[in-house]
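Trainee: Sequence plus predicted model, see below.
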Amino acid sequence: MSVVQFENYRQNPSPWVAPQLAVIVPSYNERDNVALLYEKVGAALSGVPFEFIVVDDNSPDGTSEVVRGMAQHHPNVRGIRRIGRRGLSSAVIEGIMASSAPYFAVIDADLQHDEAILPQMLAKAMAGDDIVVGTRYSGDGSAGQGLSRAREAGSRFATRLSSLLTGQSLSDPMSGFFLMRREIFDQVVQTLSEDGFKILLDIIVSAGRFHALNGKALKIGEVPYTFRPRHAGESKMSPIIVVQFLGLLVSKLTRGLLPTSFLLFGLVGGLGVIVHMGTLWITHERLGFNFFWAQTAAVIVAMTFNFMLNNELTYASKKLRAGATSPAC
């Protein structure tokens, strides 16, 4: 903003309007998508006061810098750059907690979700639904060209598993596209897991149990849409995300008695035992090391394996990277 622009704004400030809706956009390496997404969301929500909050996990591609530039021109754009922590679920939680809007929506930055249905989702929430889910598997909804056959089959299988956990006949509990009332979120935020990528499932289970304890039913609405191909960048789906999802299922089934991190840590430990024994057998039986040196090699290999896998899986949100420097004490 130039000096002249600043003086004009100071003399004729625009009236501030409190946002009715916060659009939460978790991001990692989405530099080429966020500006276009904002334009599309703005067009869809014409007449609705909203804020656009991008929670970026310190993307190396400069996503945060793009968002900062957008905020210079659009007062309803906010950027949260997270240093030293990662993960979609924790990013969503942090973005929601940074807003005071009575409603919020979560949408991916890759333009696969159809932002045009946001007004319909908001209308259903304002009419009384606690959570409104953008669904690919009901009504006119479709996975379109956004998923490969293998990923669509995996998504549908995960949906069936999730339905057993939620106790509700939801068509797409694995959706990452949803809108809900902030007060419902505040009731359960303390019980949510920060691990993994499927926060909607976590919210539905936690909110459903909270409502049941108070003799109420959780009202969930659905709005169908067609899942689109990613606009730019690469998908974040990986085997690690699948393992984290299974850990979340077990954690929720045990009502948090076995937290996701404990399950993942135990899995890594079990695999470490196999690696240890395999290394011991190879070095002692095949390479002819005496037992002391074979055991020493097995311990070093297993410790290294456990550290690397825990860094990638159990503590992915605090993942250490080669060349990263720690803050001074």
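Mentor: Perfect, thanks for sending it. Because the structure is predicted, anything quoted here is derived from the model rather than measured.
Trainee: The stretch 151-300 of the chain: helices as residue ranges?
Mentor: 182-188, 199-213, 239-253, 260-281, 291-312 (DSSP state H, counting those that start in this stretch).
Trainee: Pull out the buried positions in the shortest one.
Mentor: If I follow you right, that is helix 182-188. By neighbour count on 16 or more other CB atoms under 10 Å, the buried set for helix 182-188 is 182, 184, 185, 187, 188. For every residue, glycine as well, the C-beta is placed using N, CA and C.
Trainee: can you tell me how far the nearest residue to residue 264 once chain neighbours are set aside sits from residue 300?
Mentor: Of all residues beyond its chain neighbours, the one nearest residue 264 is residue 314 (4.2 Å), with distances taken as CB to CB, 6 or more residues apart in numbering. Going from residue 314 to residue 300 by CB to CB, to the nearest Å gives 20 Å.
Trainee: Comparing these two, which residue is more hemmed in?
Mentor: Applying other CB atoms under 10 Å to residue 314 and residue 300 shows that residue 314 carries more neighbours, namely 25 against 12.
Trainee: Could you verify that that one is part of a strand?
Mentor: No - applying DSSP: H, G, I helix; E, B strand; the rest coil, one finds residue 314 to be coil, outside a strand.
Trainee: How about the backbone phi and psi for it?
Mentor: phi -70, psi -40 (degrees, to the nearest 10).
Trainee: which residues does it contact?
Mentor: 261, 264, 265, 268 (CB atoms under 8 Å, 6 or more residues apart in numbering).
Trainee: now it: how far from residue 67?
Mentor: From residue 314 to residue 67 the distance is 30 Å (CB to CB).
Trainee: swap in residue 190?
Mentor: Counting by CB to CB, the gap from residue 190 to residue 67 is 29 Å.
Trainee: of those two, who's got more company?
Mentor: Using other CB under 10 Å as the criterion, residue 190 and residue 67 rank with residue 67 on top: 27 against 7.
Trainee: Got the confidence number for the more buried one?
Mentor: In this model, residue 67 is scored at 97, pLDDT.
Trainee: now do residue 162
Mentor: Predicted confidence (pLDDT) for residue 162: 63.
Trainee: got any ranges where the stretch 101-250 of the chain has weak pLDDT?
Mentor: 144-169, 195-197, 231-249 (pLDDT under 70).
Trainee: per-domain residue ranges of this protein.
Mentor: Domain assignment for the chain by automatic domain parsing gives 17-236, 260-317.
Trainee: quick one, phi/psi of residue 56?
Mentor: Torsion angles at residue 56 (phi, psi; degrees, to the nearest 10) stand at phi -110, psi 130.
Trainee: can you check residue 80 too?
Mentor: When read as degrees, to the nearest 10, the backbone of residue 80 gives phi -120, psi 110.
Trainee: go on, residue 78?
Mentor: Dihedral pair for residue 78: phi -130, psi 140, per degrees, to the nearest 10.
Trainee: Over to residue 18?
Mentor: Dihedral pair for residue 18: phi -60, psi 140, per degrees, to the nearest 10.
Trainee: measure it to residue 102 for me?
Mentor: 9 Å.
Trainee: Helices of the stretch 1-150 of the chain, residue ranges please.
Mentor: Ranges of helices within the stretch 1-150 of the chain are 3-11, 34-44, 63-71, 88-97, 118-126, 149-166, based on DSSP H, counting those that start in this stretch.
Trainee: Which residue of residue 18 and residue 102 possesses the greater neighbour count?
Mentor: In this view residue 18 and residue 102 are compared by other CB under 10 Å, and residue 102 has more residues nearby, 15 against 9.
Trainee: contacting residues for the closest residue to the more buried one other than its chain neighbours?
Mentor: Counting by CB to CB, 6+ apart, residue 182 is the residue found nearest to residue 102 once chain neighbours are left out, at 5.4 Å. Neighbouring residues of residue 182 by CB under 8 Å, 6+ apart: 96, 99, 101, 102, 103, 104.
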